[in-house]
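**Student:** Give me coordinates for this.
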Amino acid sequence: MPSYDQNNIFAKILRGELPAHKVFENQKAFAFLDIMPRAPGHTLVLPKAPVRTILDIGPEDLADLMKATQTIARAAMIVFAADGLTIQQFNEPAGGQVVFHLHIHVIPRKNGVALKPPASFKEDPAVLADQARRLAAALKGV
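**Tutor:** You can find the predicted model right below:
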């Protein structure tokens, strides 16, 4: 398996070198909106630990990541008036992974509304800022 690349885009976001529409952060996890969302509220949840895939993360850190994912998913259901959720996680190129820092996609869904194709649409930053503000407000204090 290839090693972790400290210069991947998510590592740079975690270090504050690149901007992100942050919605959640605790000691172990960081979450922000995808700039190319497949649906409104599409959020990426990352461990702060430098891990490439689910195979590289320790069990305790994975449990913390899943707790953060569940917390964000619950808030996203309310904030985006979702009828359901799609939770996705990809590993290595053959599995569909594009950015090689472990991350989980939380995608609020509406009945009868198809997901946009991956990486097909870059959302307006003002829209993302508003969505991030609303989701972060719902997550405040959790």
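**Student:** For the rest of this, base every contact and every neighbour count on C-alpha atoms.
**Tutor:** OK.
**Student:** Now the residue sitting nearest the centre point of the chain: closest residue in space that isn't a chain neighbour?
**Tutor:** When Cα atoms, centre = their mean is applied to the chain, the residue found nearest the centroid is residue 44 (0.5 Å). Excluding the flanking residues, the one nearest residue 44 by Cα to Cα, 6 or more residues apart in numbering is residue 105, at 4.8 Å.
**Student:** Wasn't that neighbour part of a strand?
**Tutor:** Yes. Judged by DSSP: H, G, I helix; E, B strand; the rest coil, residue 105 forms part of a strand.
**Student:** Is it in contact with residue 97, as I believe?
**Tutor:** No. Applying Cα atoms under 8 Å as the test, residue 105 and residue 97 come out as separate, 11.4 Å apart.
**Student:** In terms of neighbours, single out the busier of these two.
**Tutor:** More crowded of residue 105 and residue 97, by other Cα atoms under 10 Å: residue 105, with 23 against 16.
**Student:** all helices of this protein, in order?
**Tutor:** Taking DSSP state H, the helices of the chain run over residues 9-14, 59-79, 125-139.
**Student:** Tell me how many other residues crowd residue 131.
**Tutor:** 21.
**Student:** and the gap between it and residue 76?
**Tutor:** 10 Å (Cα to Cα, to the nearest Å).
**Student:** Likewise for residue 141?
**Tutor:** On the measure of Cα to Cα, residue 141 and residue 76 end up 15 Å apart.
**Student:** With residue 64 instead?
**Tutor:** In terms of Cα to Cα, residue 64 sits 18 Å off from residue 76.
**Student:** more neighbours, those two?
**Tutor:** Taking other Cα under 10 Å, residue 64 and residue 76 do not tie; residue 76 has more neighbours (28 against 16).
**Student:** Could you list which residues are in contact with the more buried one?
**Tutor:** 41, 82, 108, 135 (Cα atoms under 8 Å, 6 or more residues apart in numbering).
**Student:** Fine by me, thanks again.
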